[in-house]
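S.K.: model this:
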Amino acid sequence: MKFTRICLATIMVLLFTGFGTAQEGLSIYSDYLTDNYYLLHPSMAGAANCSQVRLTGRRNWIGEENSPGLYTAAYNGRIGNSQSGIGAIVYNDKNGFSSQTGGYVTYAHHLMFSSSEADLNQLSLGLSAGIIQYRLDQTRFDPNDPLVGPGSISEGEFNMDIGFSYNLYNFYTHVTVKNLLKNSGINNDLQVVNNLRNYLVSVGYVFDRPGKTFSYEPSVLFSHREGVEQSSIDFNLKVYSDMNFGKLWGGLSYRRSFDSIDFVEGSEIRSQSLNYVTPFIGVNFGKYMFAYTYSYQSNPVTFNNGGFHQITLGIDFSCRAKKYACYCPWVE
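M.R.: You can find the predicted model right below:
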């Protein structure tokens, strides 16, 4: 029974989260909540007052040998005093025998609609293009299996992301389409994985009360993966507190899929959807940033009880003077 539960849990993960697939492109977790919007939305390249470098390290299913891991490095900033921004992302995503390594470069342009720069009313457009190297290590497979070839299989693919962001004082919205092009990767016999297109819509607002200690940012993120017709939504609440040394912040995110899968438990047929809860905490100390994220999958059937741990490190530089008369940390 334990083996059956593990198999079911693995299938659930493959279907609903993208944790275990090497065909996903850059996986979507909760990185964007830790002062890292550019990692998700190309239109945010150069949107902030400072140039930014962000490094992340993530391990899934802690306690399991060779558990999946994702590592990213991202840079974005303005081009001088222009209205244009650039960015670059490199990442490595490994899960068992499958892995992928990718790199993207980004160009974004920011259009101000207000008569004064103090009034934030900005539309941003962004485009990313990059190469993904898929790899399947077969060296530990059964050599007598006629479907298994010698050595490893690897394949390079080109893909693009496009999106826009709109910031109006304390309000923001992002619309992004990731993986515009079809990628056959290393599983070109599986038609369902060729379409990796993912539509993202995010909306948020900061409730800032002058003279009060805390500011509150509720937001939602909707994701729809076209190739497998699966959708999910994140409900987020982020809290900020300005300190003498910088900014302290943290919050909670809840992700739920709109899809479910049936499984047999005993004599009953049950169903479950992806559910996981992510608390996070971070601090901006001068030009430096540190954040910790923990995700817990709350489904009745899971691979194991280990959570997903992530650390984000960042540094800001080439900062311009703060100019917006709003509480909008994502562009300050």
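S.K.: low-confidence regions, this protein specifically.
M.R.: Along the chain, segments meeting pLDDT under 70 span 1-24, 61-66, 139-151, 184-193, 261-272, 299-306.
S.K.: the helices in it, which residues?
M.R.: Assigned by DSSP state H, the helices in the chain fall at 2-16.
S.K.: which residues touch Tyr240?
M.R.: With contact taken as Cβ atoms under 8 Å, 6 or more residues apart in numbering, Tyr240 is in contact with 206, 214-217, 247-249, 327, 329. C-betas here are computed from N, CA, C, even on glycine.
S.K.: now do it against Val283, distance only.
M.R.: 11 Å (Cβ to Cβ, to the nearest Å).
S.K.: overlap in contacts, those two.
M.R.: 247-249.
S.K.: just put the residues you listed in JSON lines and tack on neighbour count and distance to Asn60.
M.R.: What follows is the shared contacts of Tyr240 and Val283, written out as JSON lines (neighbours: other Cβ atoms under 10 Å; distance: Cβ to Cβ, whole Å):
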{"residue": "Lys247", "neighbour count": "17", "distance to Asn60": "29"}
{"residue": "Leu248", "neighbour count": "16", "distance to Asn60": "27"}
{"residue": "Trp249", "neighbour count": "24", "distance to Asn60": "24"}
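S.K.: for Gln100, state which of those residues is nearest.
M.R.: Checking these against Gln100 with Cβ to Cβ, the nearest one is Trp249 at 31.1 Å.
S.K.: and the gap between that closest one and Gly282?
M.R.: Taking Cβ to Cβ, one finds Trp249 at 5 Å from Gly282.
S.K.: also Phe158?
M.R.: For Phe158, the distance to Gly282 - Cβ to Cβ - is 34 Å.
S.K.: ditto for Glu217
M.R.: Distance, Glu217 to Gly282, using Cβ to Cβ: 13 Å.
S.K.: same check on Asp316?
M.R.: On the measure of Cβ to Cβ, Asp316 and Gly282 end up 13 Å apart.
S.K.: who touches both of those two?
M.R.: Joint contacts of Asp316 and Gly282 (Cβ under 8 Å, 6+ apart) are Met289.
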